[in-house]
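Undergrad: here's a sequence, model it:
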Amino acid sequence: MIMQISRLTLANLMIAVILLSSPFIVQLTSSAPYDPWADLDGDGDVDIFDIVDIAGRYGTKGDATKNVNVTNWPKGTAVTVWYSNALGSGASELSERYNADGFQLMHLLMYVTGLSDGEQATIQLRGYIYDFNSTTTSIFVTAYSQIFTMSNAYLDLVLYVPTEEFQFRAVTELGTNCWVHLSFYLTR
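TA: Coordinates of the predicted model:
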C-alpha cells in the first residue's frame, strides 16, 4: 500500500511539473490584440505577472472608476488672434500661416468697416495641403468664403479647422478701401 501511494504521489508530482512547465516549453500566443488595460505592470506585454497581480486581488471590492491621465493632447488649449488692418484695392493675405495642429474647431469673428454703399470685400479662410512630390511647396484650398457689404459687415460662426496650417485672405474691388477686423479662437 505504501508503494502504491508513493507511485501515485510520484505520478501526480510529474503531472504537476509538466502542467506547470508547459507554458515555458510551448510558447503560448493569443490572437487577441494587445490591451494596455490588461497589462497591469506596464511592461508592454500581458503575461503571467499580470495574472499573478489579478489573482492577488481576487475578491476585493471598491470604486470601479480608473484614474486616467491623457498625455498626448496638444500643448496649448486655445489660441486667440486679433487682426485689424486697412485693406486697399485688390487681394492680400491678412496674416501669416497659423498652425492648428491638434485643434478641431475654430470660433471666428469677422467685421469689415469703411465700406461705402455698393462696395464689398470678400474674406476667405484657406487651408494648405502639402505637395507630395515636393517637401517645400503646398497648395491652398478655400475652405470658407464670406462677402461683406455695408449692410452685412459682421459674422460670428464656428467652423471645423480646415487643415493643420491655414491663412486668411481678403479681396476687394478696384477702388475699395476698408478695414478688416478678425479674431479666431481654436478649441479641441
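Undergrad: what mean pLDDT does the helix or strand that contains residue 20 have?
TA: Taking DSSP states H and E as the definition, residue 20 sits inside helix 2-25. Per-residue pLDDT over helix 2-25 has a mean of 69.
Undergrad: please apply the same query to stretch 127-143.
TA: For stretch 127-143, the mean per-residue pLDDT is 77.
Undergrad: identify the residues contacting that stretch?
TA: The contact list for stretch 127-143, computed with CB atoms under 8 Å, 6 or more residues apart in numbering, reads 97, 124, 125, 126, 159, 162, 163, 164, 165, 166, 167. C-beta: built from backbone N, CA, C; applies to glycine.
Undergrad: could you flag which of the residues you listed are buried?
TA: A residue is treated as buried here by neighbour count (16 or more other CB atoms under 10 Å); on that basis the buried members of the contacts of stretch 127-143 are 97, 124, 125, 126, 162, 163, 164, 165, 166, 167.
Undergrad: among these, which two are most distant?
TA: Of all pairs drawn from those, the one with the largest separation by CB to CB is 124 and 164; the distance is 17.7 Å.
Undergrad: coming back round to it: save the contacts of stretch 127-143 as JSON lines, and put in secondary structure too.
TA: Conversion of those to JSON lines gives the following (DSSP: H, G, I helix; E, B strand; the rest coil):
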{"residue": "97", "secondary structure": "coil"}
{"residue": "124", "secondary structure": "strand"}
{"residue": "125", "secondary structure": "strand"}
{"residue": "126", "secondary structure": "strand"}
{"residue": "159", "secondary structure": "strand"}
{"residue": "162", "secondary structure": "coil"}
{"residue": "163", "secondary structure": "coil"}
{"residue": "164", "secondary structure": "coil"}
{"residue": "165", "secondary structure": "strand"}
{"residue": "166", "secondary structure": "strand"}
{"residue": "167", "secondary structure": "strand"}
